[in-house]
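1. Predicted structure and sequence below. I'll ask about it afterward.
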Amino acid sequence: MKQRFKEHIKQDKEEWGLPEEVESIEEMIRLYRAGKISDNEFRRFRLQYGAYGARLNQDFTMMRIKVPAGILFPDQLRRLASLSEAFSIGSVHVSTRQNIQMHWIYLDDVPEVERGLVEVGLTTRESCGNTIRNIVVSPFAGVCKKEPFDVTPYAKAFAKFFLRNTLNQNLPRKFKFNFACCEEHNLSKIADMGLVPITKEENGKIVRGFRVYLGGGLGPASFIAELLEEFTNEDQLLPTAIAVIRLFDRLGDRINMHRNRMRYLVHDMGFNKFKELVLKEREIVNATKSIYMKLDIKDIEKPTKGLISIKPFNASNEYKRWFNTNVVEQKQQGYYLVFISLQMGDISANQLRELARVVEEFSGENAIITTPQQGFVIRWVLGSDLPKLYKQLSSVGLAKPGALSITSAVACVGTTSCNLAITNSHRLGKEIQQRLLEKGLDKDKDLEGVTIHISGCPNSCGQHMIGTLGFYGGASRVNNTLTPTYNMLIGGRIGEDARLGRVITRVPAKRVIDVILKMISIYKSERNDKEKFTQWIDRILEGRGSNIKDVEELRKIIEEEAKIPDADIDADLYLDYGSDNKFTAKTARGECAA
Amino acid sequence: MRKIIIKPKELLNKLDEYIIIDARKEDEYKEGHIINAISLPLARVLDAKDPNELAEVFRSVGVSNDDKVVVYDDIFGAIAARVAWTLEYIGNDNVSLLSVTFSKWKSMGYKVEKRIRKRKEAKKFIVRVNDAILATADYVNAISKTNNKILLDSRERLNYLDAHIPHAINISWRALGNEDSILKSPEELRRMLKNRKIDRDKEIITYCGSVGTLSGLAYYALKYAGYENIKLYAKSFKEWKALQLPIEEFKNATYWDLSAE
């Protein structure tokens, strides 16, 4: 079966883990339990190894596994399955930064889990704490029709260069790299440093380079990154990154926990000043660089054409529905990307095992990629294999349609695990997805490009600022009762013309779905001929709406829709999803900053 | 010395030395079982009301106090463990668990047969109740934070978080074995237990959700790791809840919603 694929498509497997680190984790926990090191010292240590405290319970921790470029191999999927059953909750969670998270692990089991990860080449090192976090890469990289070249080798080289590098072991705060593959599949403007590949012609030769964006990021205060220079030659990529990190390390705020991300430094100083410093610092980096300071770029050779074409067959409606929103043609003719939409990133151990088998049979690169939409994508799938692949995926609940549609909402873990969460954004996301799928909204072409993002607090792990419709959790008094609510934003988007969403109003948790549906029905009656939902939102933001002119007028309608009767009439409307208890807003200290 | 775990090859080399008990349902047994095995479904063991009745169950299928016994099942060793523990409780110390499940045995290409094996009834089974390995609800209820006892919940993590007996800690039964064996190696088990500060000088009481199967497996995992002072709360959380004894719940997080099941 597998001989159909040329060996050379296969992704190289990197060994991210280090066996000796398992022992040092074991030793540090022993010292900590024996009272030999302080809480703070230990906290810093464990965050460096991706162990993040669980919600309001000292015994447990979340472990975040760093997955550079989101690339996972079948044996790693199987190992994640068995570790999640033995030490976690029997399922794992895919994060928006392509990490894998395992929740509700005993702190004292961390060494055992790490050992299991390291054995298959994985690590949790530098997935939390004040370090360079996972390198995010567009899952289309290498197969995208619009990309100038494959950025995957650059991203992997970055991951290799910076992991355990002394440059970034104690930054003022975390630092995020996002690699785009093209202008569209592009999260570059919401990262500390975003990289978009471009080429130009120089003396008749094609030269590779990047557009480097700096100072973006989402959080309680979000910023869109700004462009450093028109063209950064590929050989200046690493010197530029090092220059930026050195500046951040030197000048970043180490005192005020709420303002120590690099975006505040850039913002406070002004981008032009920051840019000047970066270019100057880069000269110093270049003047003093050593032979070790080099990226190891190995381009992956790829076939340009699949061997087998799709034969016509009698496709079921379910298959067509899935095909329309989950399957995308690669630039290599005859090959396809197959997206797997999970429920807010959650996948069970049994599904992981099945996925491993499916990857071995159908993926030409014998690997799977995690996506920033909290799902997976299997790539290099031959067109002729799609019906069979669909059948196998659907038999284990992994062929949910709508992967690239409005139905695939994105949500952080919320109160299911996080100390900072006020609301159960995770469950709300699942409810939204289910409801929108029931309504068949994945099939609605007018809603193409619409995204829904939900966070359980203002900290934006669910990236509510970039959703066409965004929601972030809070607690407010509604009719004199403390109620889980969401602040609703509209108009966020990513890409080259990225834009942060604008807050509209506050909606009780149990009214969010109604409000989403209301927005769609308003759009349907307000749209101009053939106008898409996202275009209508643009008009509203510009005050050029039809009957409803602007945000103010839209707000009034949404507020009407969001109203709930008194608690003695319908008490359920005052509870959060997934809970029968009276709502309270319990939070504890966050763990991001060590 | 008695072995806790017998590997397939060891068993095949000493087939005449052991009575092999298949603890699965009788129908499953009839469809094929390990060579020489007799059938004794867990349900029959659980039906017996007291040690005397239990002894009679074993005697009637041809097992006495001194016989060397190997038990197996097809659900991770949990059913087998509960049968083995029962035998130990009424006075047969020569009981072992097969290291693999029936499915694994079959997939390894070892011999199975359909023939129904019956042993002659044993002449007698002298009941010598080993109370040291049984914990009752009262006993568990007396556990406090300071009395050097560890209460170990063998259910899966979400069930444990949801509600458990006060002071219990959780090691899911799924952490005890791996794909090759119903129990990990003693070294691996010891390493895990040591990390969790479960010391060998403490008394450990295991329990699970209903009748002491998963916790029976934990009982033998501890034994296999070299622990000696272990009790099984055989009636487990099912009885505990029925008796309306205090439980500990964790309601500050909506962890169930994080599950993909």
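-> Yep, it's here.
2. so where's chain A uncertain?
-> Residue ranges of chain A with pLDDT under 70: A:1-8, A:291-292, A:306-312, A:592-594.
3. Which segments of it make up each domain?
-> Annotated domains of chain A cover A:8-119, A:143-287, A:300-395, A:410-574 [automatic domain parsing].
4. Do the shortest one and chain B come into contact?
-> Just to be clear, that refers to domain A:300-395. Yes. Domain A:300-395 reaches chain B (C-beta under 8 Å from any C-beta of the partner chain) through A:L342, A:Q343, A:D346, A:I347, A:S348, A:Q351. Quick note: C-beta positions are derived from backbone N, CA and C, even for glycine.
5. and A:A51, backbone torsions?
-> phi -100, psi 110 (degrees, to the nearest 10).
6. Would you agree it is in contact with A:M62?
-> Yes. Assessed by C-beta atoms under 8 Å, A:A51 is found in contact with A:M62 at 7.4 Å.
7. These two: who's more crowded?
-> Using other C-beta atoms under 10 Å in any protein chain shown as the criterion, A:A51 and A:M62 rank with A:A51 on top: 27 against 24.
8. Apart from its neighbours in sequence, what residue is nearest that one?
-> Leaving aside its chain neighbours, A:A51 sits nearest to A:T61 (4.6 Å; criterion: C-beta to C-beta, 6 or more residues apart in numbering or on different chains).
9. What count of nearby residues applies to the one you found?
-> Using other C-beta under 10 Å, the number of residues around A:T61 comes to 25.
10. so which strand or helix has it?
-> strand A:57-65 (DSSP states H and E).
11. ranges for the helices of the stretch 351-500 of chain A?
-> Taking DSSP state H, counting those that start in this stretch to define them, one finds helices in the stretch 351-500 of chain A at A:386-395, A:425-438.
12. mind listing the helices for the stretch 151-261 of chain B?
-> Under DSSP H, counting those that start in this stretch, the stretch 151-261 of chain B gives helices at B:157-162, B:186-195, B:214-224, B:236-242.
13. related to what we said a few turns ago, which elements pack onto the strand holding A:T61?
-> Where contact means 3 or more C-beta pairs under 8 Å, 6 or more residues apart in numbering or on different chains; DSSP states H and E, strand A:57-65 is packed against strand A:51-54, strand A:100-106, helix A:110-119.
14. buried sites along it?
-> Judged by neighbour count (16 or more other C-beta atoms under 10 Å in any protein chain shown), strand A:57-65 contains these buried residues: A:N57, A:F60, A:T61, A:M62, A:M63, A:R64, A:I65.
15. Flag every residue of the stretch 51-200 of chain A that's near chain B.
-> A:54-57, A:82, A:85-91, A:93, A:103-104, A:106, A:108-109, A:111-112.
16. one step back: the strand holding A:T61 to helix A:110-119, inter-axis angle?
-> With axes from the mean of the first three to the mean of the last three C-alpha atoms, to 10 degrees applied, the angle from strand A:57-65 to helix A:110-119 works out at 10 degrees.
17. What strands flank strand A:57-65, and is each parallel or antiparallel?
-> Sheet pairing here is set by DSSP bridges, and for strand A:57-65 it gives strand A:51-54 (antiparallel), strand A:100-106 (antiparallel).
18. so how far is it from its chain's centroid?
-> Between the centre of strand A:57-65 and the centre of its host chain there is 20 Å, according to C-alpha atoms, centre = their mean, to the nearest Å.
19. would you list every one of the strands in the stretch 451-594 of chain A?
-> Secondary structure of the stretch 451-594 of chain A (DSSP state E, counting those that start in this stretch): strands located at A:452-455, A:469-478, A:481-490, A:502-508.
20. among these, which is the most enclosed?
-> Each of these was scored by mean neighbour count; the highest is strand A:452-455, a mean of 28, by mean count of other C-beta atoms under 10 Å in any protein chain shown.
21. Measure how far that one is from the centre of its chain, please.
-> 12 Å.
22. Please name every helix or strand in contact with that strand.
-> Short answer (3+ C-beta pairs under 8 Å, 6+ apart): strand A:452-455 packs on strand A:410-411, helix A:425-438, strand A:469-478.
23. returning to that earlier point: quick one: which of the strands paired with strand A:57-65 is nearest A:G440?
-> Closest to A:G440 of these is strand A:100-106 (C-beta to C-beta; 31.0 Å).
24. Show me what the longest helix anywhere in chain A is packed against.
-> The helix that spans the most residues within chain A, counting by DSSP state H, is helix A:271-287. Counting by 3+ C-beta pairs under 8 Å, 6+ apart, the packing neighbours recorded for helix A:271-287 are strand A:205-214, helix A:237-251, helix A:262-269.
25. Please pull up the helix or strand immediately following it.
-> Sequence-wise, the next helix or strand downstream of helix A:271-287 (DSSP H and E) is helix A:317-326.
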